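Visitor: Here is my input, please return the structure:
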Amino acid sequence: MSSTENAVVAASHEAAHEATGDARTTRPTREEPPREASVDVIQRELTAFARRARAAAARVHPEIPLVSYTLLAHIEDRRGCRATDLASHYLLDKSTVSRQLAGLEKLGLVERRPAPDDHRVHVLHPTEAGLAVLATAQANRLAAYQERLRDWSNDDLARFAEYLLRYNAAGPADPTGPPTPL
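Guide: Residues are numbered from 1 along each chain as shown. Modelled structure (predicted):
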C-alpha cells in the first residue's frame, strides 16, 4: 500500500472515531478493520458527490431533473434509442421513464421519430436544443473538474480514473436482476 493510501486509511479511522466520539487509537483493530472504515468513507463521499451532481444538474437547466438529464445524455450517446431501452438500462419503471421523457419533449429537448426498419416503433433523439443543453453542461462540467483537480498529479488522476472505471464496471452482472445500491 502506498503512503498516500496508508494516509487515507488512517484518516478514515480517525474520522470514524471522531464521528462516534471514540477515543481509541486510530490504528486498525479486529473490531474495526480498515476495510469497514474505508467503505464508510467511500459511502459518505459518494453521497456527497451525488448531491453535488444533482445541484449541478439543476444549475444547467432548472427545469430538468438529474434523471431527465441522464436520460437525455444517454439518448444522445446512443444516437437515439427507445423508451424501453432506457427503462431497461437504468432499471427504471416504464412509467417513470415516460414521465421524464414527457418533460423533455415539452421543453423541446427530445423528439420521437419512426424507426427506419419498423415505423410502428418510435426512436427518441435529442433536438438541436437538447444537444445545446448537453454541450453546455459538458463544457461546464469539464471546467469544474479541471478546477477541482488542478492540484492533483498526473499519477493521482490516472489512479483515480482507474478506480472509478473499476468501481463502475462492478455493476450487476444481470441488469434485469435486483438493483444494487450505487
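Visitor: how about low-confidence regions in this structure?
Guide: For the chain, residues meeting the criterion pLDDT under 70 lie at 1-33, 172-182.
Visitor: just the strands in it please.
Guide: Assigned by DSSP state E, the strands in the chain fall at 110-115, 118-126.
Visitor: of all the ones you listed, which lies closest to residue 88?
Guide: With respect to residue 88, and counting by Cβ to Cβ, the nearest of the strands of the chain is strand 118-126 at 13.7 Å. Just so you know, the C-beta spots here come from the backbone N, C-alpha and C atoms, and that holds for glycine as well.
Visitor: one step back: right, and the strands of the chain - which one's nearest residue 142?
Guide: Residue 142 lies closest to strand 118-126 among these, at 18.8 Å (Cβ to Cβ).
Visitor: what angle do the closest one and strand 110-115 make?
Guide: Taking axes from the mean of the first three to the mean of the last three Cα atoms, to 10 degrees, one finds strand 118-126 and strand 110-115 inclined to each other by 150 degrees.
Visitor: Distance check, the residue nearest to the spatial centre of the chain against residue 43.
Guide: In the chain, the centroid-proximal residue (Cα atoms, centre = their mean) is residue 50; its distance is 6.8 Å. Applying Cβ to Cβ, to the nearest Å, the value for residue 50 to residue 43 is 11 Å.
Visitor: ok, now residue 105?
Guide: Residue 105 is 36 Å from residue 43, by Cβ to Cβ.
Visitor: Check residue 143 too.
Guide: Separation of residue 143 from residue 43 (Cβ to Cβ) stands at 28 Å.
Visitor: now do residue 168
Guide: According to Cβ to Cβ, residue 168 and residue 43 sit 16 Å apart.
Visitor: Which one's more surrounded, the two?
Guide: Between residue 168 and residue 43, counted using other Cβ atoms under 10 Å, the more crowded position is residue 43 (12 against 9).
Visitor: So which residues make contact with stretch 141-148?
Guide: Applying Cβ atoms under 8 Å, 6 or more residues apart in numbering, the contact partners of stretch 141-148 are residue 56.
Visitor: same check, this time on stretch 50-62
Guide: Contacts of stretch 50-62 (Cβ under 8 Å, 6+ apart): 64, 65, 66, 69, 107, 133, 136, 137, 140, 141, 144.
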